[in-house]
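J.: based on what follows, work out the 3D shape:
(2 chains)
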Amino acid sequence: MSNLKDVTTEAFEAEVLKSTIPVLVDFHAVWCGPCKASAPALEDAAREFEGEIAFVKVDVDQEPTLAKTYDVQGVPTFIVMKDGQPVERFQGLVSRGKLAAVLEPFAGAGQ
Amino acid sequence: MSAYRAFGDETKRQALIADIRDKGPIYTAWLTRASIEGDISVVSEDFGLHPALARLLPALGAFGEAEDALPFYEALLDAIPIGAETGGLARQALLLAWRDPLYGRSKVVQQGQVHDACEEVIALVEQSINAPVDKKAWRAARAKLASVGSDDTDAEKAVDMVMSLAWDLEQAPGAAHDVVTAWSSAVNVEADASDEDCFSAEESATFEAEMNKISEEAMEALAQKQSIESVTVEDFLAEVDKFWAADPARNALRVRSKARRERSNAKMAAWRAAIQRRVIELANASPSARTVSQFGRSPARMLDQPRL
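T.: Residues are numbered from 1 along each chain as shown, chains lettered A, B, ... in the order given. The predicted structure follows:
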């Protein structure tokens, strides 16, 4: 079962903005190759940081308002949200190394 | 460690080799780029290769795109003892990315805090060859490496690669693929940068602009002759060639670019060949056979014994 939860505009506030832990938001599209290629790394990271960082997905075609709000110009775009605010942002095919480098400072004792 | 044991019997090994040989470079779902996003657990379930080794092989063989990939796959699979635990081999192969005297990234990270933090990760990878490493140890090593960071671009790429090394391959075998991809990318950048005929920044910008312009012009020309849906890649490339050839001034840049790409590809092929050779040597050096014994199971054939 996937550790990445799909969120809608309606659920975004509860799942992301009011989250008590940092959240990595993956803005993706079903037609996007790099998004699919990034998925296994995201699943591994979600398992690795379970309970410390939440992972959610936003389909930019289904949720254009969210994509516009966060100025998503291309997919995949990843935004780390903490206390309701974007604190880190990166784009493109992602590796486990990149995820570790970005997320470790927000996880566990690093928060 | 893992429950995966290579092949099970000689018939299975030969079946896998024959399968790869028959399907050639287009081995859908495994030895191609599809392996990045696809579920290749069937390779481990059916043939007993550790998932990290299964993830490593497509990248080492240039995703089936290199002509030299097939002999590598055959030689490697042939060198792995039946019944061997191949997670150790995958880890040893990955250590080359840091330690290889010619291509390892250790040499591009200056001695100091960053290098030391990388070495701590490498020590864990080495430790994990023989015994499981606690998740906390991986996390601590990663956190330390993330905290020291690097301002140097080359070192930063190496650190990214080491960050991919800092994962437990029992839990995240796909990290093996990330390591080789990051390594290959760094070697490629070096190959381009050391070329005898590097483009200046201005030439690069001009070439890119001309390339985009010609692509548009070629597409427009094709659209006047046939429907867009019927345009094949071959049609497009042939049309693009005509546009380049029609303008000797801008074609000169393209000729230089193609020559550079060929030289760069040759350097990448040399890297790949060297690493493939080292991985086969590692398989032949029998650490897998030792690991099997450690876990109380006898392989059907040890590496130093004749094949039945």
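
J.: spell out which residues of chain A are next to chain B.
T.: Neighbours of chain B within chain A, by C-beta under 8 Å from any C-beta of the partner chain: A:33, A:36-37, A:39-41, A:44, A:47-48, A:95-98, A:100-101, A:104-105, A:107-110. For every residue, glycine as well, the C-beta is placed using N, CA and C.

J.: how about a cut-off of 10 Å?
T.: Chain A comes close to chain B at residues A:33-41, A:43-45, A:47-49, A:52, A:93-110, as judged by C-beta under 10 Å from any C-beta of the partner chain.

J.: give the burial count for B:Ala273, as a bare number.
T.: 13 (other C-beta atoms under 10 Å in any protein chain shown).

J.: for it, pull up the helix or strand it's in.
T.: helix B:248-284 (DSSP states H and E).

J.: who are the packing partners of that helix?
T.: Helices and strands touching helix B:248-284, by 3 or more C-beta pairs under 10 Å, 6 or more residues apart in numbering or on different chains; DSSP states H and E, are helix B:51-60, helix B:69-79, helix B:87-99, helix B:175-193, helix B:201-225, helix B:233-245.

J.: which of the ones you listed sits most buried?
T.: helix B:51-60 (a mean of 26; mean count of other C-beta atoms under 10 Å in any protein chain shown).

J.: give me the helices and strands touching that one, please.
T.: Judged by 3+ C-beta pairs under 10 Å, 6+ apart, helix B:51-60 is in contact with helix B:34-37, helix B:41-47, helix B:69-79, helix B:87-99, helix B:175-193, helix B:248-284.

J.: between the ones you listed, which gets the lowest average pLDDT?
T.: Mean pLDDT per stretch puts helix B:34-37 lowest among the helices and strands packed on helix B:51-60, at a mean of 82.

J.: so the residue of chain A found nearest chain B, which state does it fall into?
T.: Chain B sits closest to A:Gly97 of chain A, with a gap of 3.3 Å, by C-beta to the nearest C-beta. In three-state terms, and counting by DSSP: H, G, I helix; E, B strand; the rest coil, A:Gly97 is helix.

J.: helix, strand, or coil at A:Phe55?
T.: What three-state DSSP gives for A:Phe55 is strand.

J.: equivalent analysis for B:Asp39, please.
T.: B:Asp39 ends up coil, using three-state DSSP.

J.: tell me, how many residues neighbour B:Ser147?
T.: B:Ser147 is flanked by 12 other residues according to other C-beta under 10 Å.

J.: is it in contact with B:Gln113, as I believe?
T.: Yes - using C-beta atoms under 10 Å, B:Ser147 is in contact with B:Gln113, at 9.3 Å.
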